[in-house]
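Peer 1: Return a 3D structure for these sequence lines:
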Amino acid sequence: MTGRLIAGRYQLTEPLGKGGMGEVWAGQDAALGGRRIAVKLLHADRLASLSGTADPEDLRRRFLRECRITARIDHPGLVAVHDAGRQGEELYLVMQLVEGSDLGDHLAEQEPYPWPWAVAVLAQLASALAAVHAVGVVHRDLKPGNIMVRPDGRVTILDLGIAAVRGDGEDTRLTRTGTLLGTPVYMAPEQAVGGPPVGPPADLYALGAIGYELLAGRPPFTAPNAAGLLYKKLHETAEPVDRLRPDAPRELAALIHGLLAKDPVGRPGDAHQVFAALGPLLPQPGAAAPPTPLDPTRPFRHPLAPWPPARSPEPDLPGVLEEVRRLLALGQYPQVAELLSHTLPLAAARYGEASPIVRTLRKQYAATLLDTRQYARALPEIQRLTQEYAAERGPYDPLVAQLRADEQLCLRQLGMAGA
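Peer 2: Numbers count the residues shown, from 1 in each chain. Here you go, the predicted structure:
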């Protein structure tokens, strides 16, 4: 699919991710001088299985309606929507391409995660959620994998893919009532049990689960399956976070546990209240700190200040990445696989195995090996990624599920299924 042209102007260059409803690709907008973009492709048959309707035109109408509603949300903490439409049986959504590290990787790189960083992340997310909720939208799948920490410290929510549009007299969700959508680890109890459509308090619960994980290094509840997670959410109380992180302010721990209240009524009233509670814990403008990349406190310490000129940490790595993109655009997957096989050990030695750039290279390497049917070489890379992401995000994360499916594909092709 690399090199494919969408709507006569959006050229797909490299895959970024795959989920239950479609795929996300990096690309270029040929009409605007090759501007880098992200393109989400949704497959009509998958949408039909989730939506409860078999009418393709109704699916397209609802999809485009949701795009129009989410596109009008103007907030720096939300990825910008540029365009949406249909091509053949596929629906496409063109978005801003956000560089940086997803919050799951960002957390994995810090041990322990500095509590001022956790405050800054939660405050930025609360601000973005206030804008989302103000237009009657509920995210419903807020999680570290959907959140990007940009090089200048800004935090951006990447995806409103299963959001519900509320309060306009028509249910515009592309999901069927009663279908468990979202990530169980971060899902509010009322969302997990089904029933009436969930409201903004469900997003606040997810915010609390993220805050707990940032401080404790693990989610508030873990279990081997979704049913076990739901039981714990309904009947157990998370271990006090101030016991796990005694260095964090008690006010922060109390706020997180308030967000995790089992009854939505027990949580803060809205995202505005959450931001107000975090305000006294945020650094003041002008507060001194070294210019650390990916520091989420920086937007509060130095609002709108330009970032110092970047220095390339590895002189040849940008050239390698550019060559990978060029080869992918030409469909030369075997050459990409060989290039990455030599680059990965060098990058891991310099940055460490857990660094975001090494993780990105390894994901691209595994995907390219699959594309070229080199299953024996792909299998250990996929198994390593599966283990790392499952430990960080939990076994129900969509990326973990996709990696497990890729692992099974390799095992079947190698005649090792069930071994």
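Peer 1: Show me what the mean pLDDT comes to for stretch 104-119.
Peer 2: Taken as a whole, stretch 104-119 has a mean pLDDT of 91.
Peer 1: Residue 274 sits in which helix or strand?
Peer 2: helix 271-278 (DSSP states H and E).
Peer 1: Might you quantify the distance of that helix from its chain's geometric centre?
Peer 2: Taking CA atoms, centre = their mean, to the nearest Å, one finds the center of helix 271-278 at 23 Å from the center of the full chain.
Peer 1: which strands and helices sit next to it?
Peer 2: helix 115-134, helix 200-216, helix 250-259 (3 or more CB pairs under 8 Å, 6 or more residues apart in numbering; DSSP states H and E). Every residue, glycine included, has its C-beta placed from N, CA and C.
Peer 1: what's in contact with it?
Peer 2: 119, 122-123, 126-127, 129-130, 133, 200, 203-204, 207, 251-252, 255, 259, 268 (CB atoms under 8 Å, 6 or more residues apart in numbering).
Peer 1: rewinding a little: possible to save the helices and strands packed on helix 271-278 as a markdown table with mean neighbour count and distance to residue 348?
Peer 2: Formatted as a markdown table, those follow (neighbours: other CB atoms under 10 Å; distance: least, CB to CB, whole Å):
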| stretch | mean neighbour count | distance to residue 348 |
| --- | --- | --- |
| helix 115-134 | 23 | 25 |
| helix 200-216 | 26 | 25 |
| helix 250-259 | 19 | 34 |
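Peer 1: Of all the ones you listed, which one is nearest residue 289?
Peer 2: helix 115-134 (9.1 Å; CB to CB).
Peer 1: Please export the C-alpha coordinates of the closest one as CSV.
Peer 2: In CSV, the C-alpha atoms belonging to helix 115-134 read as follows (Å, rounded to 0.1, in the frame of the first residue of the first chain):
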residue,chain,number,x,y,z
TRP,A,115,5.6,13.9,40.0
PRO,A,116,5.8,17.5,38.6
TRP,A,117,5.7,15.9,35.1
ALA,A,118,2.7,13.9,36.1
VAL,A,119,0.9,17.0,37.2
ALA,A,120,1.8,18.8,34.0
VAL,A,121,0.6,15.9,31.8
LEU,A,122,-2.7,15.6,33.7
ALA,A,123,-3.3,19.4,33.6
GLN,A,124,-2.7,19.5,29.8
LEU,A,125,-5.1,16.5,29.3
ALA,A,126,-7.7,18.1,31.6
SER,A,127,-7.6,21.3,29.5
ALA,A,128,-8.0,19.3,26.3
LEU,A,129,-10.9,17.3,27.8
ALA,A,130,-12.7,20.4,28.8
ALA,A,131,-12.7,21.5,25.2
VAL,A,132,-13.9,18.1,24.0
HIS,A,133,-16.7,17.9,26.6
ALA,A,134,-17.8,21.5,25.8
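Peer 1: Determine how far the helix or strand just after it lies from the middle of the whole chain.
Peer 2: Next in sequence after helix 115-134, counting helices and strands by DSSP H and E, comes strand 137-138. Distance, stretch centre to chain centre, for strand 137-138: 17 Å (CA atoms, centre = their mean).
Peer 1: Stretch 88-104 too?
Peer 2: 10 Å.
Peer 1: Going forward, count from 500.
Peer 2: All set: I'll call the first residue 500, so the last point we hit is now stretch 587-603.
Peer 1: Tell me which residues of it come out buried.
Peer 2: 590-594, 596-597, 599-603 (16 or more other CB atoms under 10 Å).
Peer 1: Strands - which of the residues you listed land there?
Peer 2: The strands, defined by DSSP state E, take in 590-594, 600-601 from the buried residues of stretch 587-603.
Peer 1: what's the distance between residue 825 and residue 838?
Peer 2: Distance, residue 825 to residue 838, using CB to CB, to the nearest Å: 10 Å.
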